[in-house]
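Undergrad: Sharing a sequence plus its predicted fold:
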Amino acid sequence: MYSNNNLKTSYTNKHVWFQSWILGRQTLKQISIDSGYSESTLKRLFKIYLIQSPIFSVRPSEKVNLLIDGTYFSNNLCLVLYRDNSIKYTQLYRISDGERYEEMKEDIENLLKLGVQIESITCDGHKALLKAIKKACKYVIVQRCVVHIQRMCRILLTAKPKSQAGYELKKIVGQIHTINNRDNWGYWVVSLIRWYEKNEIFLKEKSYSSKTK
């Protein structure tokens, strides 16, 4: 016989599979194998969750550090989140087919009208978003997301840099996420400046490819 606590636990456990479908991008077939539920049962369950989707309301707040990020899913679907990092609350979201200038500009303007006083914005540096920020609230501080900085640096430097300078720079980049105060920031900047001074001549070198006719 099930008590209210048993039912609540069962509901929570099943919600894990819903999250795997929405956020983990797993197919119904994969979830069916992992969970032991049939695909038809999962469809009925997920339909209930979708009907009961939460209604978001904007919470006015001051000196907000707004995190803006777009996540892409299959079927050309993009979810753009506007998260108030000051109060740890998602103020707004938009489902679209991409990170579009007009839409993001409208979203930021609406947040401002509804009392969200934006002091800074952290993002991945998407060109359309930077343009939207400049147009909607040009005087806020804009900073690049640390995770995106590290990811892009690793792509450009590759997993195994061929030069000693590249190898050393990769180690410096790997320390970005440890910066949590001004002192750490200062030490990191000094290490980057020293790296540049050491490798300045190398960085100014140019390579030419020889083309054979």
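TA: That came in fine, so what should we check first? Residues are numbered from 1 along each chain as shown.
Undergrad: mind checking pLDDT for N5?
TA: Among the per-residue scores, N5 shows a pLDDT of 49.
Undergrad: actually Q52, sorry about that
TA: In this model, Q52 carries a pLDDT of 77.
Undergrad: in the longest strand along the chain, what counts as buried?
TA: Longest among the strand segments of the chain by residue count, using DSSP state E, is strand 61-73. For strand 61-73, burial by neighbour count (16 or more other CB atoms under 10 Å) applies to V64, N65, L66, L67, I68, D69, G70. The way it works is simple: take the backbone N, C-alpha and C, and place the C-beta from them, glycine included.
Undergrad: Same check on stretch 180-187?
TA: Buried residues in stretch 180-187, counted by 16+ other CB under 10 Å: none are found.
Undergrad: L111: how many residues sit nearby?
TA: As a burial measure, L111 scores 22 neighbours (other CB atoms under 10 Å).
Undergrad: Not counting the helix or strand it falls within itself, show me its contacts.
TA: L111 belongs to helix 101-113 when assigned by DSSP states H and E. Surrounding helix 101-113, the residues in contact under the criterion CB atoms under 8 Å, 6 or more residues apart in numbering are 58, 66, 68, 80, 82, 91-92, 94, 96, 118, 128-129, 131-133, 135-137.
Undergrad: again, only this time at 6 Å
TA: The list of residues contacting helix 101-113 from outside it, by CB atoms under 6 Å, 6 or more residues apart in numbering, reads Q91, L92, R94, S96, A128, L129, K131, A132, K135, A136.
Undergrad: and it, how far from the chain's centre?
TA: From the chain centre to the centre of helix 101-113 is a distance of 18 Å (CA atoms, centre = their mean, to the nearest Å).
Undergrad: what does stretch 170-185 give?
TA: Using CA atoms, centre = their mean, the distance from the centre of stretch 170-185 to the centre of the chain it belongs to is 19 Å.
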